[in-house]
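Here's a sequence, model it:
(3 chains)
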Amino acid sequence: MKWGVVAFPGSCDERDAAYAVGSVIGDDVAMLWHGDADTKGVDAIILPGGFSYGDYLRCGAMARFSPVMRAVAEHAKSGGPVFGICNGFQILCEAGLLPGALVRNRSLRFICQNVGVRVESTDTAFTAACEKGEVLSIPVKHGEGCFVASEGELERLEREGRIVFRYADGAPNGSLCDIAGVSNEAGNVVGLMPHPEHAVDPLLGSDDAVVLFRSVHAWLTKTKLRRQA
Amino acid sequence: MTAAPAMRQVDESLAIEHGLSPDEYRDILGHLGRVPTFEELGVFSVMWSEHCSYKSSRMHLRRLPQSGKAVLQGPGENAGAVDIGGGMAAVFKIESHNHPSYIEPYQGAATGVGGILRDVFTMGARPVANMNSLRFGSPDHEKTPFLLRGVVAGIGGYGNSVGVATVGGEVSFDAGYNGNILVNAFTLGIVRADRIFRAVASGTGNPVLYVGSKTGRDGIHGASLLASSEFKEESEQMRPTVQVGDPFTESLLIEACLEVLEGDDVVAIQDMGAAGLTSSSVEMASRGEVGIRLDLDRIPLREADLTPYEMLLSESQERMLLVVHKGAEERVTKIFTKWGLDCVVAGTITETGRFEAAFHGKMLVSIPAAALTDAAPKYDRPMAAPSAKLPALKLEEIPEPSDLGAELAEMLASPNLSSRRWVYEQYDSYVGANTIVHPGGDAGVVRVRETGGALALTCDCNSRYVSLDPYVGTQHAVAEAARNLYVTGARPLALSDCLNFGSPEKPHVMWQFSRAIDGMADACHAYEIPVISGNVSFYNDTQGASIPPTPTVAMVGLIADARRTASIAFPDGEAEILLLGSGEPVLEGSEYLAFRHGKTGDRPPAVDLAAERRLGELCAGLIAAGVVTSAHDVADGGLAIAISEMCLASGVGSLISLEFSGRADVALFGESGTRILVAVPAGRVTEVESRARANRVSTVRLGTTGGDTIRIRDLKADRMLVEARLETLRSRWEETLPAISHADAPEPARASAGG
Amino acid sequence: MTFVARAFVMPKKAILDPQGKAVASSLHSLGYAEVADARLGKLIELRLDGKSKAAVSARVDEMCRRLLANDIIEDYRFEVEKAAS
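Numbering: from 1, shown residues only, chains lettered A, B, ... in the order given. Alright, predicted model coming up:
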């Protein structure tokens, strides 16, 4: 299958995401330029981590208006998998493709550390190959990762099983209900603050997140959305 | 001066206000054969400042070894470069941003990171790892919490945003830095060995391109004023001159420059750092022995009313100067425009050998470039060893502690030995997906995918040792850096030095500087490694008091196989702990003696470079052979601290037995070089011992890993000296730095293997 | 005509404002015990051309809704006046 990784001005983990799905998982990868409303017919899209537009105004506030986001939204609407990692999660929330918002860490400091991330739902494109309740060791590295949403929205997310990941040992950033990641209703759009692209190589620490990328293969087969070869 | 002075009569008194001496002003008159224009005076004042001209240090720096088989670029360019095999090169340098960081800690530290990044990618190398060495005043000095928070946030804010992993560094506290903190920033980049770019202008008629951010009033007179003179009361008002950085623009600049450098259009490239447009133009022209003429009307401005003087001296960040081949302007401009960056033709290369700048049709500057660089003043400043002798240590006057477990807890909680987690968790150490060893151990290690190997990096200096004896102390700095690399499995390749000293106009400071240079040179010879780049920061004085002499050593080592590295954490399962090397612990110069008893003695521990190298080579060999995966050097705080650090990193205790004659506190907390701890599965012990014997390195079996307690036993007296629960020690160890920073309570502690 | 618009973007009352908390706490330690609460927001100043104050206000309102404020977490208000020449 083919992945598309979007690079916004100021993204910094796009190469790492491409390396994870390209070299480690072994799929085809195309880099998608923010200025082109063209997702090159890829099967799945990653919005990577980083500091798009310097995080100026609000994280992801300006990136969401990039031409490429129109194409990303269409891809999402037709059921295509979209994975928002950290800044990518922030962009998806700003774009309204995911609920809630990410605000400044409770401690007011950037935090970089390995955390336990528990899989709460396996009904998404990025957790289809996981076991419910399994805890993956994945690093977080962000200054604005505190997930917030209205009480009503939170209730809805719980009810609909759309909280995909929770911090197993308590949120390091103050996220409500220890939420580390959420999905849209159909489960094809997932955003999370931890960085799975930095947990795919045992030489570098943990490879617990390989299963998240492999899940997409399972999902695409299941939902019969795979492009004809 | 708080702002650029309005046009005034150029005379000696104006020159003095610019930081020049009467003699220097006379030399300027001689070079020009006339009175300089106002703009020319500004140009001389920055180019002849200590910070840019190195006038007090140049004759001493010559004594450092700068060449070697693997050296691709030695000092004299924006950064140094060494061959790392596989057709690749490592480009690196360490640089100071001390004075601006004291005045505005966040932006001072941030722009320090920005500047050193530019020095590396201007050579065509993609930055892959950062480090920083930070020295603050006493923890209870009123400014320390503010400076600590600001500097760490600034380094993280800039480095994380640009997307370069910060993988190591050091933080220490000493009252000697109360009025002058030190912020030394280091960047390592990787490039193909045959694609290193230099800043040597050439080709009459070649266009000179200005790229990056618009020019504003940032940092006017930063080089000549801030970095070249002492802090006095008025310094507080100097806030407006501190530069403000934009890491977002820098990240675009990195991508754009590296893309342009893939082609063959660029003749020379240099970043605009200290003294901005002036220094980059002059230095590129001077190295190429050509002239350069700038058209100041073309400079992109942030404020429309900038004067030519301000344009020439502005230190606005995130700007580069390129010399390209005639005809390449359009192609190069297109690339910068794609990345959203200004790119204008701002000048031409000439054959006059002069630095010229015109504005509104008038030539305001015409100076032979060499007068600003090669012919800049060189001083052989008077040197004199301090006359006062420090009192020798009388061991019998130091009371022996009755509860060594309590001593260990106090030591682990001390400002200089406590956990630095509060600091490094504010830095992204993952970006790039190549970090094998994260902060928290002895050296950061990053994989080099192009070669299958890895690079280890560390920066070190024990300024107390250097104060006690600048020659021996600096040798210790080199030896400690080398040890920190060896224990990750790396062999030292080259170093970059950041020499932080007081005023060179003080004979005892100049003496310290000269002795430090000699110590570094001799140590480099012993390890057969060159100094490929570096930086000198003088005038770190406040109200007449100089900082302790601080020659920070940043060293890079090579690991042949990225899968063969070691870290500070114990291996899984039960393991045996061995002490390699025969360093004899003493209290002189030790953290224990200073922190617990307020004394230093009159000398640092002795150093034996030949023994250090043998020990280090043995350790790296054991790791390369896959025999050892857990190693840690014994340094500040001594053996008990080193063991504790391994236990804390692992979340696993240990039981060790020490055989010693003399005092227990000396055995536990005494310091020396030439000691490394390794932890290996029982089946590997005899292999370690036989290899050590073959390398003439002594080994002692200390004990085993396991449990939840740190236990240290006196073998001869058969009594337990220390029995402390690991998690109790961890709380003490982790709470100090957050408390010093006046931050909230720390996040729940996690024992993470490998840091 | 040239106008200056000032948009004030504040975190919604329901959203935890840790920066505000930190500021209030710092003021207390400086001796200003009378401070009950602090909240931190943004002031965005725009210089823009338009036919009339009403026309400009409508545009600024749109800008706030689309970009300058995120209505999940922020409230906004703004004022518009003719620019001093």
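
is stretch B:443-450 anywhere near chain A?
Yes: if you take Cβ under 8 Å from any Cβ of the partner chain as the test, stretch B:443-450 does meet chain A, through B:Arg447. (Glycine included, C-beta is placed from N, CA and C.)

Where does the prediction get shaky in the chain?
Because you didn't say which chain, this covers chain A. A:224-229 (pLDDT under 70).

right idea, wrong chain: chain C
Using pLDDT under 70, chain C drops low at C:85.

how about the helices in it?
Assigned by DSSP state H, chain C shows helices spanning C:18-29, C:53-63.

how about these in JSON lines, adding mean neighbour count?
Below are the helices of chain C laid out as JSON lines (neighbours: other Cβ atoms under 10 Å in any protein chain shown):
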{"stretch": "helix C:18-29", "mean neighbour count": "15"}
{"stretch": "helix C:53-63", "mean neighbour count": "16"}
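
residues from chain C in reach of chain A?
C:11, C:14-16, C:18-19, C:22, C:67-68, C:70, C:72-73.

Buried ones among the residues you listed?
Buried members of those, counted by 16 or more other Cβ atoms under 10 Å in any protein chain shown: C:11, C:15, C:18-19, C:67-68, C:70, C:72-73.

SS state for B:Ser172?
Here B:Ser172 is recorded as strand under DSSP: H, G, I helix; E, B strand; the rest coil.

which ones are touching it?
Shown in contact with B:Ser172 (Cβ atoms under 8 Å, 6 or more residues apart in numbering or on different chains): B:134-136, B:415-416, B:463.

Also B:Glu77?
Per Cβ under 8 Å, 6+ apart, neighbours of B:Glu77: B:123, B:198-199, B:533.

Any idea how many residues pack against B:Pro368?
Residues lying near B:Pro368 (other Cβ atoms under 10 Å in any protein chain shown) number 18.

mind checking the backbone torsions on it?
phi -60, psi 130 (degrees, to the nearest 10).

just B:Ser698 next, same as before
Dihedral angles (degrees, to the nearest 10) for B:Ser698: phi -80, psi 150.

Find me whatever residue is spatially closest to it, sequence neighbours aside.
Closest residue to B:Ser698 apart from its sequence neighbours, by Cβ to Cβ, 6 or more residues apart in numbering or on different chains: B:Ser582 at 4.5 Å.

where's that neighbour relative to B:Glu671, distance?
14 Å (Cβ to Cβ, to the nearest Å).

ok, now B:Gly340?
Separation of B:Gly340 from B:Glu671 (Cβ to Cβ): 52 Å.

quick one: the strands in the chain?
Here I'm looking at chain A. With DSSP state E, the ranges of strands along chain A come out as A:2-7, A:28-33, A:44-47, A:82-85, A:101-103, A:111-119, A:135-142, A:146-148, A:163-167, A:179-183, A:189-192.

Let me rephrase: I mean chain C.
C:2-11, C:42-49, C:74-82.

quick one, which of those strands is nearest to B:His597?
strand C:2-11 (51.5 Å; Cβ to Cβ).

For that closest one, which helices and strands make contact with it?
On a contact count with 3 or more Cβ pairs under 8 Å, 6 or more residues apart in numbering or on different chains; DSSP states H and E, strand C:2-11 meets strand C:42-49, helix C:53-63, strand C:74-82.

rerun at 10 Å
Other elements packing on strand C:2-11 under the criterion 3 or more Cβ pairs under 10 Å, 6 or more residues apart in numbering or on different chains; DSSP states H and E are helix C:18-29, strand C:42-49, helix C:53-63, strand C:74-82.

Next, the angle from that strand to helix C:18-29.
Counting by axes from the mean of the first three to the mean of the last three Cα atoms, to 10 degrees, strand C:2-11 points 80 degrees away from the direction of helix C:18-29.

in strand C:2-11, what counts as buried?
Quick answer for strand C:2-11 (16+ other Cβ under 10 Å): C:3, C:5, C:7-11.

What average pLDDT does stretch B:439-452 get?
Rounded to a whole number, the mean pLDDT of stretch B:439-452 is 97.

got the buried residues for that stretch?
Buried, per 16+ other Cβ under 10 Å, within stretch B:439-452: B:439-449, B:451.

what does stretch B:31-45 give?
B:31-32, B:36-45.

Stretch B:705-720 now?
B:705, B:709-714.

End to end on it, go ahead and measure it.
When the termini of stretch B:705-720 are compared using Cα to Cα, to the nearest Å, they are 16 Å apart.

Run the chain-centre distance for that stretch.
38 Å (Cα atoms, centre = their mean, to the nearest Å).

same question, stretch B:511-523
Taking the mean C-alpha point of stretch B:511-523 and that of its whole chain, the gap between them comes to 17 Å (Cα atoms, centre = their mean).

cool, stretch B:453-470 as well?
Remark: stretch B:453-470 is offset 10 Å from the chain centroid, using Cα atoms, centre = their mean.

Are that stretch and chain A in contact anywhere?
Yes: shown here: stretch B:453-470 in contact with chain A (Cβ under 10 Å from any Cβ of the partner chain) through B:Ala454.

end-to-end on that stretch?
One end of stretch B:453-470 sits 35 Å from the other (Cα to Cα).

residues contacting the residue of chain A found nearest chain C?
Using Cβ to the nearest Cβ, the closest approach of chain A to chain C is made by A:Ala101 at 4.4 Å. Under the criterion of Cβ atoms under 10 Å, 6 or more residues apart in numbering or on different chains, the neighbours of A:Ala101 are A:58-60, A:90, A:93-94, A:144, A:146-149, C:15, C:70-74.

Only whichever of those are buried, select them in ChimeraX.
To isolate the buried members of the contacts of A:Ala101 in ChimeraX, using 16+ other Cβ under 10 Å:
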select /A:58,59,60,90,93,94,144,146,147,148,149 /C:15,70,72,73,74
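
coming back round to it: can you tell me which of the residues of chain C next to chain A is nearest B:Pro681?
Out of the residues of chain C next to chain A, the member with the shortest distance to B:Pro681 (by Cβ to Cβ) is C:Pro18, at 46.9 Å.

returning to that earlier point: could you identify the most distant pair in the contacts of B:Ser172?
Longest span within the contacts of B:Ser172, Cβ to Cβ: B:Pro415 and B:Ser463, 14.0 Å.

Give me the common contacts of those two.
B:172, B:174.

which of B:Ser582 and B:Glu671 has more neighbours?
B:Glu671 (29 against 16).

Look up how far chain C lies from the more buried one.
39 Å (Cβ to the nearest Cβ, to the nearest Å).

so that residue touches B:Met411, yeah?
No: at 11.8 Å, B:Glu671 does not count as touching B:Met411 under the criterion of Cβ atoms under 10 Å.

Show the contacting residues for the residue nearest the centre of chain A.
Centroid check for chain A by Cα atoms, centre = their mean gives A:Gly84 as the closest residue, at 2.7 Å. Residues near A:Gly84 by Cβ under 10 Å, 6+ apart: A:6, A:45-49, A:60, A:72, A:90-93, A:95, A:97-98, A:181-182, A:189-193.

go on, B:Ile84?
Per Cβ under 10 Å, 6+ apart, neighbours of B:Ile84: B:70, B:72, B:90, B:190, B:193, B:448, B:450-451, B:453-455, B:493, B:556, B:558-560.

among those residues, which are in strands?
Counting by DSSP E, the contacts of B:Ile84 place B:72, B:90, B:190, B:448, B:453-455, B:493, B:556, B:558-559 in strands.

Show me what the longest helix along chain A is packed against.
Using DSSP H to define each element, chain A has its longest helix at helix A:210-223. For helix A:210-223, the elements it packs on are strand A:44-47, strand A:82-85, strand A:111-119, strand A:135-142, strand A:189-192, judged by 3+ Cβ pairs under 10 Å, 6+ apart.

between these, which gets nearest to B:Ile398?
strand A:111-119 (39.8 Å).

Thanks a lot, see you next time.
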